[in-house]
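In: structure for this input, please:
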Amino acid sequence: MADILEDANGELKKSTNVSEYFNRGNAYLDHGNFDLAFANYNEAVKFIPDDAETPKGGDDLDKIIAESAEAIGLDPDDAEAYFNRGTAYSEKGEFDKAVADYNEAIRLDPYEATIYINRGIAYSTNNCINAAMADLNTAVRLDPGDALAYFNRGLVYGGKGDLDSAIADFTESIRLDPDFADAYSIRGYAYSKKDKYDLAREDYNEAVRLDPGDAVKYFNRGLLCGQHGELDLAIKDFTEAIRLDPRYAEAYYIRSCAYGDRGDYDLTIADCNEAIRIDPGYSDAYCNRGNAYADKGDYETAVADYNEAIRLAPDYADAYCNRGQAYANMGDSDKAVADYNETIRLDARNAEAYCNRGILYGDSGDYERAVADFTEAIIRLDPLDRNLAAAYSNRGSAYREMGEFVNAIADYTEALGLEPDSADRYRARGDLYVKIGDADSAIADYNEAIRLNPNCEEAKKALSELNNGK
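Out: Prediction:
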């Protein structure tokens, strides 16, 4: 679940809560998608610190713009009218006009912190991050007791990837307003990205306590639990989020991922069905439902879901990769390789696609291509990734078929260093030692294979032949 994004198709999903936008922004930043990271941060900072509710409907915003224009016509020095019109323009997404009105409001009232905050938000939305930071710094200087000024600056720090400064601002925001639930929630996420799990959990708990009616607070805490393998607690929080907001498609989708991690594939399918019912364009839900069908062995239905995910999101690399695996399981290697090729074209960092394509090349006897793909996978895999040992082992097998026994031994040694409990790899390395005439090392490996798996008949036979001098 740690790698789950609410939207993999490159589009900005709309939310009604600052925490959700901020969390999405951090997730996209983790995956190197800076455009979507900043898009989500910019949405987050639109939660303007205004005592009066700004109407969200287009007609209401147009009315505010018209009334403000009339007020300005009557009094060109009416800073509040410029401010209100700028806020309405910002809500409509007309940020250049918003900035122009905030400029005029600041000229008329240069000591009002809220105007600087709102202009900073508009700048941030246009990716003018330095200008946004300058305005928010000014807002904090003008009104150091405004919790929302620190909060919004913290969001921009988060957008820049400066988590320490973001945490400092959220902390000051909480000091000024101890009941600021969103500040706790977002600081919790920042702590989680710094691997401070206990502090993150405390903040999420406090956010839930302060705002128990907000589904997103439970959703965020559920993500934290899922990322730390606490699937039952995660599912409990996602379930509460759904109870509070029955149309929360992301909660159904992420809960489906937790069910999948737990092996409850029917529940995974049911949650994906519900997410799709709420949001028929939810490509991730189609992809995860396909994963569940594939795990159940129903590859044709899985392919149908991957097809739909790709139709909705043509650049969805993971959907191509997963469909490739389904095709491979169905015995259609040509279609599988084509999908892995497309996966790599869309996401050159996708180690799984290289590894899977390498297996197919090896199965077809194209060992040089297999070695090349396993090498690319090894380069891209994290040193702690459990798939790294398999990549070394697979490359070792390809080297063995090419007659490059020393390279093969080196790869099996790497694999065993990562996963020392594999009887099959000790037996395979033992066979290679026999190939190069190193009987003592072969005997040691066969003995270790038998220790790990007393039923390893191949190791027993090979050991017996060595001991008998054959």
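In: which residues touch Thr138?
Out: The contact partners of Thr138, by Cβ atoms under 8 Å, 6 or more residues apart in numbering, come to 113, 116. Any C-beta I mention is one placed from the backbone N, CA and C, and that applies to glycine too.
In: go ahead and confirm Leu267 touches Asp261.
Out: No - assessed by Cβ atoms under 8 Å, Leu267 is found out of contact with Asp261, at 11.3 Å.
In: any residues in contact with both of the two?
Out: Counting by Cβ under 8 Å, 6+ apart, nothing touches both Leu267 and Asp261.
In: so where do the helices sit in the stretch 51-200 of the chain?
Out: In the stretch 51-200 of the chain, the segments counted as helices under DSSP state H, counting those that start in this stretch are 58-74, 79-91, 95-108, 113-125, 129-142, 147-159, 163-176, 181-193, 197-210.
In: rebuild those helices as TSV, extending it with distance to Ile379 and mean pLDDT.
Out: What follows is the helices of the stretch 51-200 of the chain, written out as TSV (distance: least, Cβ to Cβ, whole Å; pLDDT from 0 to 100):
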stretch	distance to Ile379	mean pLDDT
helix 58-74	50	91
helix 79-91	45	94
helix 95-108	41	95
helix 113-125	36	92
helix 129-142	32	95
helix 147-159	30	92
helix 163-176	28	97
helix 181-193	25	94
helix 197-210	30	97
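In: including distance to Met402, could these go into JSON lines?
Out: Shown next, in JSON lines, are those (distance: least, Cβ to Cβ, whole Å):
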{"stretch": "helix 58-74", "distance to Met402": "66"}
{"stretch": "helix 79-91", "distance to Met402": "63"}
{"stretch": "helix 95-108", "distance to Met402": "59"}
{"stretch": "helix 113-125", "distance to Met402": "55"}
{"stretch": "helix 129-142", "distance to Met402": "51"}
{"stretch": "helix 147-159", "distance to Met402": "49"}
{"stretch": "helix 163-176", "distance to Met402": "47"}
{"stretch": "helix 181-193", "distance to Met402": "43"}
{"stretch": "helix 197-210", "distance to Met402": "45"}
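In: pLDDT below threshold where in the stretch 201-350 of the chain?
Out: Counting by pLDDT under 70, not a single residue of the stretch 201-350 of the chain qualifies.
In: so where does Ala353 fall, helix or strand?
Out: Secondary structure assigned from DSSP states H and E places Ala353 in helix 351-363.
In: in the next helix or strand after that helix, which residues are buried?
Out: Using DSSP H and E, the helix or strand that follows helix 351-363 in sequence is helix 367-380. By 16 or more other Cβ atoms under 10 Å, the buried positions in helix 367-380 come out as 367, 369-374, 376-378, 380.
In: so how far is stretch 394-401 off the chain centroid?
Out: In terms of Cα atoms, centre = their mean, to the nearest Å, the centre of stretch 394-401 is set 33 Å apart from its chain centre.
In: check which residues of that stretch are buried.
Out: Buried positions in stretch 394-401, judged by neighbour count with 16+ other Cβ under 10 Å: 394-400.
In: excluding its backbone neighbours, what's nearest Ala251?
Out: Among residues not flanking Ala251 along the chain, Ala241 sits closest, at 4.3 Å (Cβ to Cβ, 6 or more residues apart in numbering).
In: contacts for the helix or strand in which the one you found is found next, please.
Out: Element membership for Ala241, per DSSP H and E: helix 231-244. The contact list for helix 231-244 (Cβ under 8 Å, 6+ apart) reads 1, 213-216, 218-219, 221-223, 225-226, 248, 251-252, 254-255, 258-259, 261-262.
In: how about the helices in the stretch 201-350 of the chain?
Out: Using DSSP H, counting those that start in this stretch, helices in the stretch 201-350 of the chain cover 215-227, 231-244, 249-262, 265-278, 283-295, 299-312, 317-329, 333-346.
In: tell me the angle the second one makes with helix 197-210.
Out: The directions of helix 231-244 and helix 197-210 differ by 20 degrees, with axes from the mean of the first three to the mean of the last three Cα atoms, to 10 degrees as the criterion.
In: next, the angle from helix 231-244 to helix 265-278.
Out: Angle, helix 231-244 to helix 265-278, by the same axes, to 10 degrees: 30 degrees.
In: what angle do helix 231-244 and helix 215-227 make?
Out: For helix 231-244 against helix 215-227, the angle by the same axes, to 10 degrees is 160 degrees.
In: equivalent analysis for the third one, please.
Out: Angle of helix 249-262 versus helix 215-227, following the same axes, to 10 degrees, is 20 degrees.
In: residues of helix 249-262 that come out buried?
Out: 249-261.
In: got it, and the fifth one?
Out: Of all the residues in helix 283-295, those buried under the rule 16+ other Cβ under 10 Å are 283-294.
In: again, but for the second one
Out: Along helix 231-244, the positions that meet the burial threshold by neighbour count (16+ other Cβ under 10 Å) are 231, 233-238, 240-242, 244.
In: which two in the residues you listed are spaced the farthest apart?
Out: Using Cβ to Cβ, the buried residues of helix 231-244 span at most 20.5 Å, a distance reached by Leu231 and Leu244.
In: sorry, back to before: let me have the buried residues of helix 231-244 in TSV, extended by distance to Glu202.
Out: Converted to TSV, the buried residues of helix 231-244 look like this (distance: Cβ to Cβ, whole Å):
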residue	distance to Glu202
Leu231	21
Leu233	15
Ala234	17
Ile235	21
Lys236	18
Asp237	15
Phe238	20
Glu240	19
Ala241	20
Ile242	24
Leu244	22
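In: closest one of the residues you listed to Tyr433?
Out: Among the buried residues of helix 231-244, Leu231 lies closest to Tyr433 (Cβ to Cβ), at 42.2 Å.
In: any idea how far the closest one lies from Ala258?
Out: With distances taken as Cβ to Cβ, to the nearest Å, Leu231 is found 5 Å from Ala258.
In: check what pLDDT Asp3 gets.
Out: If you check Asp3, the pLDDT there is 46.
In: show me what contacts Asp75?
Out: Asp75 makes contact with Ala81 under the criterion Cβ under 8 Å, 6+ apart.
In: quick one: contacts of stretch 462-470?
Out: 427, 430-431, 434, 439, 442-443, 446-447, 450.
In: mind checking which of these are buried?
Out: Buried members of the contacts of stretch 462-470, scored by 16+ other Cβ under 10 Å, are 427, 430-431, 434, 442-443, 446, 450.
In: which of those sits closest to Ala139?
Out: Nearest member of the buried ones among the contacts of stretch 462-470 to Ala139, counting by Cβ to Cβ, is Arg427, at 67.4 Å.
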